[in-house]
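K.L.:
Provide a 3D model corresponding to the input given below.
(2 chains)
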Amino acid sequence: MIDSIYIAWRYVSYNWVRSLTLVACVTLIAVLPLSLELLLDESERQLLSRAETTPLVVGAKGSSLDLVMNSLYFGETLPELISMADAEGVTESGLAQSLPLYVRFKARGAPVVGATLDYFDFRGLHIAQGRNLALLGECVLGARAAEKLGLKSGDHLLSSPESLFDLAGVYPLKMQVVGILEPAHSADDLAVFVDLKTAWVIQGLVHGHTDLTSVTDPTLVMDRSQGNVTATAKLPQYAQITPENIDSFHFHGDPADYPITAVIALPYDDKFSAILRGRFVAGEQPLQIQVPGEVIEGLLANIFRIKSVLDAVILVVGLSTVLALVLVFALSLRLRQREIQTIFKLGCSRLAIARFLGAEIAIILAASALLTLLLLGVVEHYDEQLVRTLFIR
Amino acid sequence: MIQIHGLNFTYPGGTFQLQIPSFRVQQGEKLAVIGPSGSGKTTLLNLVSGIVTAEPGEINVAETTVSALSDAERRDFRIRNIGFVFQDFELLDYLNVLDNILHPYRISRALRQDSGVRERAALLAAQMGIGDKLKRRTDALSQGEKQRVAICRALLPGPRLLLADEATGNLDPRNKGRILDLLFEAVDAHGATLLAVTHDHELLPRFDRVVDFAGFQQTAAA
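P.N.:
Predicted coordinates for the structure are as follows:
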């Protein structure tokens, strides 16, 4: 057997281009379905574990999936906005604690999550470096976000404009990084957390500027009447919140009308949960309440339906590749006919010839298996990240 | 060394027929077989080595009735007792010189490879003047060197009979003479018998005996 393997190894290494092509083909057939399986398992784990620990989500009527994906995984699709009054409504019902979320903006590609400090307690997020949010204009980074953005406590981070063509829009806000979170192995790791008010500053609903009563440049003032001063668009607004200008930041309008994307509702018990859900079902209000676990299970059912289609496609591709490999080996046998004839003349049995060819196939398969294991190891190592990049956006 | 009696051979489904009433080769003899293409020279080598069998007829090689052996027994007999030297050398390009020489030991369980065999292979290569080329790939060798490797491969198991099928056919005149010298020296040194099919009539005087197969066949047919 050692001789067969030796001869086969010599042949395989001599014809290394052909051998590598065969190994690549076999590896691909094996790696594709297996890594897909791994990634789907991981996505199921990530999606379900987070969904199951989030009792209820309240948001505007519309796509329940968009609402849950945005609220739990900070997905890119923005649901219809609701207001802070809706969050207060949940609290005032006495049935649940409310955690308002405003997940709309981005900073260098990372989602900016406007939340209250209660959110950190709810998700069990702990500060690894620096401190938690305390002042307007501060942000705390998830572990992976900090790593990806190359930021540490004390650095600054600019919010990104919603659209490059929004010329009349707000200026990016330069936020100060005050803390980095411990890894939570969830969507929180990739987020930039800010206070809700800071999120509204990014939107321009809360802003700070020079005291208009002391402005002397007439081009900055549009109207002065009955003690009110109306500024022109020329009036510069602060793009960074500092101890010197923080007092100038102010709301316009009723904060209860300020937008949020969702409210995570934490019912005090199952009975309250049922009552709360009932109110939303029965009510005429433009809101929906969702159990994230149920929404995600629906999504997973769809994913697995798609997976079965993918499996069928991979099976067909695999079969055609196997046929191609059989053809390659058959052609190779034809090319080696003289060699086979020679060793047969020398005294080699047909069984021994079959052993050499078997050893050659075994080497190709073993190399493919090794490469497959290696690649699956890499996929497994990065599955959390890959799932975030490929599936949960 | 070789005795053939009453042999009548036909390839299955073919029209070619070879009839040999009697044919003998003495131990240690260097016999050349000549004849036109298609006269059955290569078939004779295949019959003697047991690659094909004839019915009726009896073939004895080295006191063994080859025609009475089973397929597996004929293979084992062949690899132990008969060395082949082919016209196109039939070396394997994916093996180096040493591996080519050792190849018979790797393709059959009838031969057992040990350190003694490897030493003998190296010694044989040195005697053939290719001792410094053991690790070279065969496609880096000259035609003459390739044939030396093929002779080493044929001689390593210590065969009692050496079958050469146009062994000098692909060599230039200078190499033909040198390779034939080497073949004869090796046959003498190993006490073997040589049965060589050849078209090189200028080499014939160097053989102990020459059999014109066309004539032989004619006689046989008559």
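K.L.:
Quick check, central residue of the chain?
P.N.:
Answering for chain A, as no chain was given. residue A:388 (3.6 Å; CA atoms, centre = their mean).
K.L.:
The chain in question should be chain B.
P.N.:
With distances taken as CA atoms, centre = their mean, residue B:163 lies nearest the centre of chain B, 1.8 Å away.
K.L.:
what about it, is that helix, strand or coil?
P.N.:
strand (DSSP: H, G, I helix; E, B strand; the rest coil).
K.L.:
For the closest residue to it other than its chain neighbours, which three-state class applies?
P.N.:
Nearest residue to residue B:163 in three dimensions, chain neighbours excluded: residue B:45, at 4.8 Å (CB to CB, 6 or more residues apart in numbering or on different chains). C-betas here are computed from N, CA, C, even on glycine. Secondary structure for residue B:45, judged by three-state DSSP, is helix.
K.L.:
and what of residue A:361?
P.N.:
Residue A:361 - assigned by three-state DSSP - is helix.
K.L.:
just residue B:110 next, same as before
P.N.:
coil.
K.L.:
for chain A, what are the nearby residues on chain B?
P.N.:
Within reach of chain A by CB under 8 Å from any CB of the partner chain, chain B has these residues: B:49, B:51, B:72, B:75-76, B:78-80, B:82, B:84, B:86, B:90, B:92-95, B:99, B:103-110, B:113.
K.L.:
returning to what we had before: please give the element, helix or strand, for the residue nearest to the centre of chain A.
P.N.:
Using DSSP states H and E, residue A:388 sits in helix A:383-390.
K.L.:
Counting by contacts, list what that helix packs against.
P.N.:
Secondary-structure packing of helix A:383-390 (3 or more CB pairs under 8 Å, 6 or more residues apart in numbering or on different chains; DSSP states H and E): helix A:16-52.
K.L.:
pretty sure residue A:271 is in a strand, no?
P.N.:
No. Counting by three-state DSSP, residue A:271 falls outside a strand, being helix.
K.L.:
tally of neighbours for it?
P.N.:
By other CB atoms under 10 Å in any protein chain shown, 10 other residues sit near residue A:271.
K.L.:
And for the one 4 residues further on?
P.N.:
For residue A:275, the neighbour count with other CB under 10 Å is 15.
K.L.:
In contact with it, which residues?
P.N.:
Contacts for residue A:275 (CB atoms under 8 Å, 6 or more residues apart in numbering or on different chains) come out as residue A:95.
K.L.:
ok, and does the host helix or strand of residue A:367 reach over to chain B?
P.N.:
Assigned by DSSP H and E, residue A:367 falls within helix A:350-381. Yes. Helix A:350-381 reaches chain B (CB under 8 Å from any CB) through A:352, A:356.
K.L.:
Next, the angle from that helix to helix A:16-52.
P.N.:
In terms of direction (axes from the mean of the first three to the mean of the last three CA atoms, to 10 degrees), helix A:350-381 departs from helix A:16-52 by 40 degrees.
K.L.:
can you give me the offset of helix A:350-381 from its chain's centre?
P.N.:
36 Å (CA atoms, centre = their mean, to the nearest Å).
K.L.:
again with stretch B:190-203
P.N.:
Between the centre of stretch B:190-203 and the centre of its chain there are 9 Å (CA atoms, centre = their mean).
K.L.:
Show the end-to-end separation of it, please.
P.N.:
The first and last residues of stretch B:190-203 sit 22 Å apart, counting by CA to CA, to the nearest Å.
K.L.:
Can I have the buried ones of the residues of chain B next to chain A as a ChimeraX selection?
P.N.:
Only the buried entries of the residues of chain B next to chain A go into this ChimeraX selection, using 16 or more other CB atoms under 10 Å in any protein chain shown:
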select /B:49,51,75,76,78,79,80,82,84,86,90,92,94,95,99,103,104,105,106,107,108,110
